[in-house]
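J.: output the structure for:
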Amino acid sequence: MSRLIAVTGATGYIGGRLVPRLLAAGNRVRVLTRDASKLRDVPWGGDVEVVTGSLEDAQTAAALCREASVVYYLVHSMGTHAGDDFPDRERICAETLGRAASRAGAERIVYLSGLNPGTALSRHLASRAAVGRILMASGVPTAVLQAGLVIGSGSASFEMVRHLTDVLPVMPAPRWVLNRVQPIAVRDALYYLEAAADLPASVNRTFDIGGPDVLTYAEMMQGYARVAGLRKPVVLPLPVLTPWLAAQWVNLVTPIPRSLAIPLVESLQNDCVVRESEIDRFIPPPPGGPTSYTKSVELALGKIARGEVETTWAGSSPLDAPSDLLPSDPGWSGGTVYSDLRTESSSAPPERLWDVVEGIGGENGWYSFPLAWAVRGWIDKLAGGVGLRRGRRHPRQLQLGEALDWWRVEALERGHLLRLRAEMRVPGRAWLEMKVEPEGQGSTYTQRAVFVPHGLAGRLYWLSVLPFHGAIFRGMASRIAAAAESAAATSPPRDDHHAEGQL
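T.: Numbering: from 1, shown residues only. Alright, predicted model coming up:
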């Protein structure tokens, strides 16, 4: 009889890759999510039991752990939602989960933590270490796997290395680029996570896990350049770059927002290498041996080139992100609603027009005034927002709840409706909605931008950008219709919307 495994953080970067592996091994899987709709388009979403709620709630945690043999704890506070109170929130979540797992009679907790340098821990690493101690004291045997930089397609660590190297042939950098780190391939991290579920009941401890290479961060960038066929970057360590300033630099040059760059940079202030290899006593090395850093980069770039990125660092939406449905009128929202409505007729069939709509953003662009979009993205970056460079997980297909540049997919009715909710920094809430409907032998494209202002600042913001809307939104609508017509004239519509093998 297959066992039941409970997973927290299933919509995150690691959790979203671990769940299908647990299912493939014959396990039954129950996952926790704040929003069940985020699993609708995930290939394995229909194969798991879903518990909806917050890990801070005891009843939710109890429902998650009921009859579970193994519980995976894969949540942590990094990103825009962390806030100053994140250590308290992480402590409450860990205590709640630990009690629930103990009362449910779980046999094992597995927790993915950060590699502990031993001294001068950043707030995020200190909080992760505290979570590990709480779980180990829960009464349920706990394996705390401590990993450093995880290298894989879509990981925050890999994206930071990739964009710093791609953009800057000469990089002024803080001194920590000369500190030693021991990255681990995401495939190896997943291997250890899966194997840890079968550790003996007597094991209740931390384990360091890492790849075979100990490198400086500068050597990681230079190694990436060799694999990617780029010129070797020149890295100039500068003592004047503090961690805070370095985080601002990472925020500007890479897709990583400031709120995530700060904890990443803080974790690099000391050597971060494996200090013990006790894991080898209980779990054999991955088949073929640990994956080298160079091989990890090759695999990640190959996944990106083939459009096979399973999950990305941007996949988890922040806890404080607006989740209200799109307001349709001032009466519904209880206040002012501004909107820009555009409609275009196209001779292209609806399915070809939809191909263009679902393929919008990322490397495909936004079909209007690229400089204006780029400038707005840089402004958002300077303000500490996500900017326009988070890109797309897949070049053609979207999933409900995933990130798309500075938007998040809030509604997706494939073939008909795409609604994006803005995660840029604006004094209000903003949406962009695109609809495709048949019209005779062709189709109709309807585009609506909606903005609900916050106070006077929000109203002034809308007025300030109003002169640009005519050029941006009108051009966007007409070019999307034209792109569909051009594509329809040269090739048939694709038929891979539901091809799970493409995801």
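J.: how many neighbouring residues does the nearest residue to residue 110 once chain neighbours are set aside have?
T.: With C-beta to C-beta, 6 or more residues apart in numbering as the measure, residue 196 is the residue that lies nearest to residue 110, at 4.6 Å, once sequence neighbours are left out. The C-beta positions use only the backbone N, C-alpha and C, and glycine is treated the same way. Neighbour count for residue 196, taken as other C-beta atoms under 10 Å: 25.
J.: residues touching residue 196, list them.
T.: With contact taken as C-beta atoms under 8 Å, 6 or more residues apart in numbering, residue 196 is in contact with 108, 110, 143, 145, 207, 283.
J.: need those in CSV with secondary structure and pLDDT, can you?
T.: Output for those, formatted as CSV (DSSP: H, G, I helix; E, B strand; the rest coil; pLDDT from 0 to 100):
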residue, secondary structure, pLDDT
108, strand, 98
110, strand, 98
143, strand, 98
145, strand, 97
207, strand, 97
283, coil, 97
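J.: how about those in TSV, adding neighbour count?
T.: Below are the contacts of residue 196 laid out as TSV (neighbours: other C-beta atoms under 10 Å):
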residue	neighbour count
108	23
110	25
143	27
145	22
207	23
283	19
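J.: for residue 305, state which of these is nearest.
T.: Lowest distance from residue 305 to the contacts of residue 196 (C-beta to C-beta) belongs to residue 145, with 29.6 Å.
J.: mind checking how far the closest one is from residue 279?
T.: 8 Å (C-beta to C-beta, to the nearest Å).
J.: now do the shared contacts for those two.
T.: 192, 207, 209.
J.: who are the contact partners of the closest residue to the second one other than its chain neighbours?
T.: Leaving aside its sequence neighbours, residue 207 sits nearest to residue 279 (C-beta to C-beta, 6+ apart; 4.2 Å). The contact partners of residue 279, taken as C-beta under 8 Å, 6+ apart, are 145, 192, 207, 208, 209.
J.: which of those residues sit farthest apart?
T.: 192 and 208 (10.5 Å).
J.: wait, doesn't residue 385 sit right on residue 424?
T.: Yes. In this structure, residue 385 is within contact of residue 424 by C-beta atoms under 8 Å, at 5.2 Å.
J.: these two: which is more packed in?
T.: Neighbours per residue (other C-beta under 10 Å) separate residue 385 from residue 424, with residue 385 holding more: 21 against 18.
J.: what comes up buried for stretch 448-458?
T.: Buried residues in stretch 448-458, counted by 16 or more other C-beta atoms under 10 Å: 448, 449, 450, 451, 452, 453, 458.
J.: the nearest residue to residue 45 once chain neighbours are set aside and residue 51, how far apart?
T.: Nearest non-adjacent residue to residue 45, counting by C-beta to C-beta, 6+ apart: residue 39, 3.7 Å away. Here residue 39 is placed at a distance of 11 Å from residue 51 (C-beta to C-beta).
J.: now for the two: what residues contact both?
T.: Common neighbours of residue 39 and residue 51 (criterion: C-beta under 8 Å, 6+ apart): 31, 33.
J.: returning to that earlier point: which ones among the buried residues of stretch 448-458 lie within helices?
T.: Using DSSP state H, residue 458 are the members of the buried residues of stretch 448-458 that sit in helices.
J.: most widely separated two among the buried residues of stretch 448-458?
T.: Using C-beta to C-beta, the buried residues of stretch 448-458 span at most 18.1 Å, a distance reached by 448 and 458.
J.: show me how this structure divides into domains.
T.: Here the domain assignment for the chain is 4-315, 330-502, based on automatic domain parsing.
J.: and the shortest one, how far out from the chain middle?
T.: Looking back up the chat, that one is domain 330-502. 20 Å (C-alpha atoms, centre = their mean, to the nearest Å).
J.: before we move on, what about the longest one?
T.: Distance of domain 4-315 from its chain centroid, counting by C-alpha atoms, centre = their mean, is 11 Å.
J.: please renumber so the chain begins at 875
T.: Sure, I'll start numbering at 875, so the last one becomes domain 878-1189.
J.: show me the contacts for residue 1168.
T.: For residue 1168, the contact set (C-beta under 8 Å, 6+ apart) comprises 1087, 1097, 1100, 1101.
J.: so the residue nearest to residue 919 sits against residue 905, correct?
T.: Yes. Here residue 913 reaches residue 905: they are 7.4 Å apart, a contact under C-beta under 8 Å.
J.: the more surrounded of those two?
T.: Between residue 913 and residue 905, counted using other C-beta under 10 Å, the more crowded position is residue 905 (27 against 22).
J.: that one pairs with what?
T.: Note on residue 905: beta-bridge partners by DSSP bridges are residue 881, residue 924.
J.: list the contacts of it.
T.: Here residue 905 is in contact with 880, 881, 882, 884, 885, 889, 893, 913, 922, 923, 924, 925 (C-beta under 8 Å, 6+ apart).
J.: doesn't the fourth one belong to a helix?
T.: Read that as residue 884. No. Counting by DSSP: H, G, I helix; E, B strand; the rest coil, residue 884 is not found in a helix; it is coil.
J.: how close does it get to residue 961?
T.: Distance, residue 884 to residue 961, using C-beta to C-beta: 23 Å.
J.: these two: which is more packed in?
T.: Comparing residue 884 with residue 961 by other C-beta under 10 Å, the one with more neighbours is residue 884, at 28 against 17.
J.: could you report the pLDDT at that one?
T.: Per-residue confidence (pLDDT) for residue 884: 92.
J.: nearest residue to it in space, please, no chain neighbours.
T.: Per C-beta to C-beta, 6+ apart, closest to residue 884 is residue 905, 3.7 Å.
J.: roughly how far apart are residue 1241 and residue 916?
T.: 28 Å.
J.: which residues do residue 913 and residue 905 both contact?
T.: Joint contacts of residue 913 and residue 905 (C-beta under 8 Å, 6+ apart) are 884, 885, 922, 924.
J.: what count of nearby residues applies to the third one?
T.: Which is residue 922. When neighbours are defined as other C-beta under 10 Å, residue 922 has 21 of them.
J.: who's in contact with the closest residue to residue 1026 other than its chain neighbours?
T.: Once flanking residues are discounted, residue 1026 sits nearest to residue 1060: 2.9 Å by C-beta to C-beta, 6+ apart. Going by C-beta under 8 Å, 6+ apart, residue 1060 touches 888, 891, 1024, 1025, 1026, 1027, 1029, 1170.
J.: among the residues you listed, which are in strands?
T.: 1024, 1025 (DSSP state E).
J.: what helix or strand is the residue nearest to residue 908 when sequence neighbours are not counted located in?
T.: Leaving aside its chain neighbours, residue 908 sits nearest to residue 928 (6.4 Å; criterion: C-beta to C-beta, 6+ apart). Assigned by DSSP states H and E, residue 928 falls within no helix or strand.
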